[in-house]
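*Asks:* fold the following and give me the result.
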Amino acid sequence: MRLAGHPLRWRLLGELARSDLRVGELCELAGRPQSLVSYHLRRLRDGGLVSSRRSLADRRDTYYVLDLVGCRDLLASAGASLHPGLVTGAGSGAARECGRSRRAARVLFLCTGNSARSQMAEALCEQLAVGAVKASSAGSHPKPLHPNAVRVMRGRGVDIEGRRSKHLGEFTGRRFDYVISLCDRVREVCPEFPGSPELIHWSIPDPAREPGPDAATLPAFERTAAELCTRIDFLIEAIEQTTANLEVTESA
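*Replies:* Numbering: from 1, shown residues only. Coordinates of the predicted model:
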């Protein structure tokens, strides 16, 4: 609580809760100089709430990533220390089925090849959202579906074998509520979509770039699936809350 209680650090955490961002983008959003933002980012990193990853589009750039699970657990622990009734849990698929929104939110996941990360994200979103989200995926330079993506998703109870890789140009005229780039490179070439969807970036390493044969790179795909699962779970919670708030406003 002490770490997050500083107004600028709270602002940085709020921005990173929505999207992975570079320090320059955080400076612009917060309206503060880079030296000050970098200092508070370092405090958040030292506290284990934020990590950093080198951009694959430009190795001179760094993306900052919020540990949503860590924040949730620390906040829950702080609440429990005051009163057990303050402990809250994340929603479940069953709860989502009961409180499903009227219209499924439309989400487009993008990466370079549409061969692993975005295909896995699409499938995981379909699995976790229980009909609350309609997911699609595409790539800037499509490649065939990676066999390890198929293996990992099959292990999670989803069969994506036979799905085709799609170019993002197929979707440029469609309306989405959220467009999520999973690749630093595709973020730089992401086209504009009608309807002003919310643009989100998750800087997730490409597991297909890991050296070695497919069997040796399977753990990288497992890590990618685990990270996507965590991020998508939080995304769905945010979508459901946003939709619920809009429905209350419209009914009023």
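*Asks:* which residue ranges form the helices in the stretch 1-150 of the chain?
*Replies:* For the stretch 1-150 of the chain, the helices defined by DSSP state H, counting those that start in this stretch cover 7-18, 23-30, 34-46, 68-82, 93-98, 117-129, 147-155.
*Asks:* please save the CA atoms from the third one in PDB.
*Replies:* The C-alpha coordinates for helix 34-46 follow below in PDB (Å, rounded to 0.1, in the frame of the first residue of the first chain):
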ATOM      1  CA  GLN A  34      11.400  11.200 -17.800                       C
ATOM      2  CA  SER A  35      13.800  11.400 -14.800                       C
ATOM      3  CA  LEU A  36      10.900  11.400 -12.400                       C
ATOM      4  CA  VAL A  37       8.900   8.700 -14.100                       C
ATOM      5  CA  SER A  38      12.000   6.500 -14.400                       C
ATOM      6  CA  TYR A  39      12.700   6.900 -10.700                       C
ATOM      7  CA  HIS A  40       9.200   5.800  -9.700                       C
ATOM      8  CA  LEU A  41       9.300   3.000 -12.200                       C
ATOM      9  CA  ARG A  42      12.500   1.800 -10.600                       C
ATOM     10  CA  ARG A  43      10.700   1.800  -7.200                       C
ATOM     11  CA  LEU A  44       7.900  -0.300  -8.600                       C
ATOM     12  CA  ARG A  45      10.400  -2.700 -10.200                       C
ATOM     13  CA  ASP A  46      12.300  -3.000  -6.900                       C
END
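*Asks:* buried set for it?
*Replies:* Within helix 34-46, the residues that count as buried by 16 or more other C-beta atoms under 10 Å are 37, 40, 41, 43, 44. Backbone N, C-alpha and C define where each C-beta goes, glycine included.
*Asks:* buried residues, the one helix or strand residue 232 maps to. List them.
*Replies:* Per DSSP states H and E, residue 232 falls inside helix 214-251. Buried positions in helix 214-251, judged by neighbour count with 16+ other C-beta under 10 Å: 217-218, 220-222, 224-225, 227-229, 231-236, 238-240, 243.
*Asks:* run the chain-centre distance for it.
*Replies:* The chain centroid and the centroid of helix 214-251 are separated by 6 Å under C-alpha atoms, centre = their mean, to the nearest Å.
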